[in-house]
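1. structure for this input, please:
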Amino acid sequence: MKKVMLFLISAILLTSFASAEIILTQQPEPFYNMGEIVNIPVKIISPVDINNFFTLDLICNGKETQIYKEYISIDAGQEKQMSPLIPLVKSLTERSTGSCKIKAIMGEEYVLTNDFEISDIISIAITSESKAFNPQEENTLQGQATKDATQTNTITDVVKNGFFDVNLTQPQETKAGEYTANIKVYEVDFENEITNVGLVGYSFTINQVPTSLEIVFEEAEMQPGNTLKVKTILHDQTGESVPSTSYITIKDSKNLIIEQVETPTEEFLEYNIIYKEKASEWSIVAVSNKITTESTFKILEKMSVDVQLINKSLVITNNGNAPYNNTVSVKIGSETKLIDVQLKIDEEKKYMLSAPDGEYGIEVLTSEGSSITGMAILTGKTISVKELTMAGRIAKHPGVWFFIIGIMGFMAFMVMKKGYNKTFFGYISKLRKKKQEPLAKNSLVHSSNKAELSLSIKGEKQTATLVCLKIKNLEEIQSKKSMSEEILQKVVEIAESNKASTYENHDNIFFVLAP
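-> Numbers count the residues shown, from 1 in each chain. All right, here's what the predicted structure looks like:
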């Protein structure tokens, strides 16, 4: 039994510590000069899913400098081969020289290359044997300049009939810049001895040839609602950047083109990702100087809500890119209530706060850590937070809704029955008991329960419901007699039959329903 338990524990530990394996498929050369390129082919094998950065650090004389970084995603059991090209330039290696090695790192795993030398020394040798000259004596000074790790190119050809044709083809990794070729033409006699010699210098230029295009993200994984920042870097034959322009195409997860822009290389292009863009993987395609490259970035899932405290109501809106299903804490005074909130994207829910009559401090805290605070005057018997549904709103103020529905139904009825009003209004007029008076000077309607404005600050504060009826064509109605006056008068009578007080201000008629 103990052996079985020991075996299980060992298996669990081995599984827990499983990680990627880095294999160097080729060691660097033993000697390099500044300006040359180091090729580090590697193979990464992982028994588990890996999503991490792969980096290369240059270690010279105890000093460690990061020279390469790439985001790697590998599925379990898969492998990835890479061949990073590292130009030995000051901007990247900080002019590190001497005995060096490269450290390949993936997460907690790393591997070291063999030691190699980096030199920035050029040796100059004078090849002329004579060092003492007489005045006016013609002499030629000859010499040779070489780097420690390489040699100058020597090309030999034959002059035919006074003409020569020399191939000056340079290696692919030759650095762009100005170069000088020293051309020496000489003549030999039958004993193969040099008789006549001619020397001339020939200057030529090696152009920058774009060889690779790199896509660089400020963030390869980003939250919805943030701004994507991406740029391109065009590299020449030695890895140096080449100023140019590139076409950047942004594609969504369905491979649809979202944005296509021409922009200078090494300048960030910005694109706003909308707040409700669903979690997915988008791609970037860049083209410059007939070189095309592609890379991807991820939009992460974000569960988030916007919380607003409006009087006695709490309004919660899903402003994330995924359905929200979490707990929100609402603190009223010293008591905390937890509510389970389930919202679709862009969905909004309202909650009614209640507590024994008084003013309370309100603090709302979401599961994501955002919070708001405020003050509210609440009424009720106990402290509670209840979702305010449509049925709840009707139950809370049924008279208001019946009143509004009645007005809408009456107006629809009158529109359908144009011209039939004499008997109807004659009949209704018999029900009037209170004396009616105009709401205001030149008013179209009369009221038997006119609301009066008062500047008094004394009295009891009550919760009231206010309905406003706006008359857009008031001047037209006042200028000529029509059914509109009778319809408006009927609306006022229906409202006042439901104990509403009526007030008129310009082209607005207000109905106040107070307890």
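2. these two touch, right, residue 207 and residue 178?
-> No. Contact between residue 207 and residue 178 fails when scored by Cβ atoms under 8 Å: they sit 11.1 Å apart. For the C-beta atoms, the positions are set from N, CA and C on the backbone; glycine is no exception.
3. ranges for the helices of the stretch 1-150 of the chain?
-> 2-16, 90-93 (DSSP state H, counting those that start in this stretch).
4. ranking those by mean pLDDT, which is last?
-> Mean pLDDT per stretch puts helix 2-16 lowest among the helices of the stretch 1-150 of the chain, at a mean of 42.
5. and the gap between the residue lying closest to residue 325 once chain neighbours are set aside and residue 306?
-> Take residue 325 and drop its neighbours on the chain: the residue closest to it by Cβ to Cβ, 6 or more residues apart in numbering is residue 342, 5.1 Å away. The gap separating residue 342 from residue 306 is 16 Å, by Cβ to Cβ, to the nearest Å.
6. nearest residue to residue 344 in space, please, no chain neighbours.
-> Spatially, and ignoring its direct neighbours in sequence, residue 344 is nearest to residue 323 (5.6 Å; Cβ to Cβ, 6+ apart).
7. how many neighbours does the one you found have?
-> Counted with other Cβ atoms under 10 Å, residues neighbouring residue 323 total 12.
8. and it, how far from residue 301?
-> Distance from residue 323 to residue 301, by Cβ to Cβ: 10 Å.
9. and if you look at residue 484?
-> For residue 484 relative to residue 301 (Cβ to Cβ), the value is 56 Å.
10. those two: who's more crowded?
-> Shown here are residue 484 and residue 301; by other Cβ under 10 Å, residue 484 has more neighbours (17 against 13).
11. can you classify the more buried one by secondary structure?
-> helix (DSSP: H, G, I helix; E, B strand; the rest coil).
12. would you agree it is in contact with residue 477?
-> Yes. The criterion here is Cβ under 8 Å, and residue 484 meets it with residue 477 at 4.7 Å.
13. number of residues surrounding the residue nearest to residue 67 when sequence neighbours are not counted?
-> Excluding the flanking residues, the one nearest residue 67 by Cβ to Cβ, 6+ apart is residue 58, at 4.9 Å. Residues lying near residue 58 (other Cβ under 10 Å) number 23.
14. rewinding a little: which element is the residue nearest to residue 325 on?
-> Residue 342 is part of strand 335-343, with elements assigned from DSSP states H and E.
15. which other helices and strands does that strand contact?
-> Judged by 3 or more Cβ pairs under 8 Å, 6 or more residues apart in numbering; DSSP states H and E, strand 335-343 is in contact with strand 313-318, strand 324-332, strand 348-354, strand 384-387.
16. can you give me the angle it makes with strand 348-354?
-> 160 degrees (axes from the mean of the first three to the mean of the last three Cα atoms, to 10 degrees).
17. does the nearest residue to residue 107 once chain neighbours are set aside have beta-bridge partners, and which?
-> In this structure, residue 107 finds its nearest non-sequential neighbour in residue 52, 4.9 Å apart by Cβ to Cβ, 6+ apart. Partner residues in beta bridges with residue 52, using DSSP bridges, are residue 72.
18. OK, contacts around residue 52?
-> Applying Cβ atoms under 8 Å, 6 or more residues apart in numbering, we find residue 52 in contact with 20, 71, 72, 106, 107.
19. residue 342 and residue 306: which is more packed in?
-> Each of residue 342 and residue 306 has its neighbours counted (other Cβ under 10 Å); residue 306 has more, 15 against 11.
20. that one: what secondary structure?
-> Following three-state DSSP, residue 306 is assigned to strand.
21. residues contacting it?
-> Contact analysis of residue 306 by Cβ under 8 Å, 6+ apart lists 316, 317, 319.
22. mind redoing it with 10 Å?
-> Residues near residue 306 by Cβ atoms under 10 Å, 6 or more residues apart in numbering: 275, 315, 316, 317, 318, 319, 320, 348, 366, 370, 372.
23. and the pLDDT at the third one?
-> Predicted confidence (pLDDT) for residue 316: 94.
24. show me what contacts it?
-> 305-308, 324, 328, 339, 341, 343, 347-351, 364, 366, 387.
25. domains in this structure, as residue ranges please.
-> Domain assignment for the chain by automatic domain parsing gives 20-119, 175-302, 305-388, 396-513.
26. export the ones you listed to JSON lines and tack on distance to residue 169?
-> Below are the domains of the chain laid out as JSON lines (distance: least, Cβ to Cβ, whole Å):
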{"stretch": "domain 20-119", "distance to residue 169": "19"}
{"stretch": "domain 175-302", "distance to residue 169": "11"}
{"stretch": "domain 305-388", "distance to residue 169": "56"}
{"stretch": "domain 396-513", "distance to residue 169": "85"}
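27. hmm, back to that, how far off strand 313-318 does the strand holding residue 342 point, in degrees?
-> Computed by the same axes, to 10 degrees, the angle between strand 335-343 and strand 313-318 is 40 degrees.
28. between strand 324-332 and strand 335-343, find me the angle.
-> Computed by the same axes, to 10 degrees, the angle between strand 335-343 and strand 324-332 is 160 degrees.
29. what's near enough to touch residue 85?
-> Residue 85 neighbours (Cβ under 10 Å, 6+ apart): 37, 38, 39, 40, 68, 173, 211, 212, 235, 238, 239.
30. any low-confidence regions in the stretch 401-515 of the chain?
-> Residue ranges of the stretch 401-515 of the chain with pLDDT under 70: 401-402, 412-442, 444, 453-461, 475, 478-482, 515.
31. identify the bridge partners of the residue nearest to residue 67.
-> residue 65, residue 102.
32. that one reaches residue 118, doesn't it?
-> Yes. With contact defined as Cβ atoms under 10 Å, residue 58 reaches residue 118; the gap is 8.7 Å.
33. and the residue nearest to residue 474 when sequence neighbours are not counted, how close does it get to residue 71?
-> Distances taken as Cβ to Cβ, 6+ apart put residue 507 closest to residue 474, at 4.2 Å, once the chain neighbours are dropped. Using Cβ to Cβ, we find residue 507 at a distance of 64 Å from residue 71.
34. return the set of buried residues in stretch 238-256.
-> Within stretch 238-256, the residues scored as buried using 16 or more other Cβ atoms under 10 Å are 238, 239, 240, 242, 244, 246, 248, 250, 251, 252.
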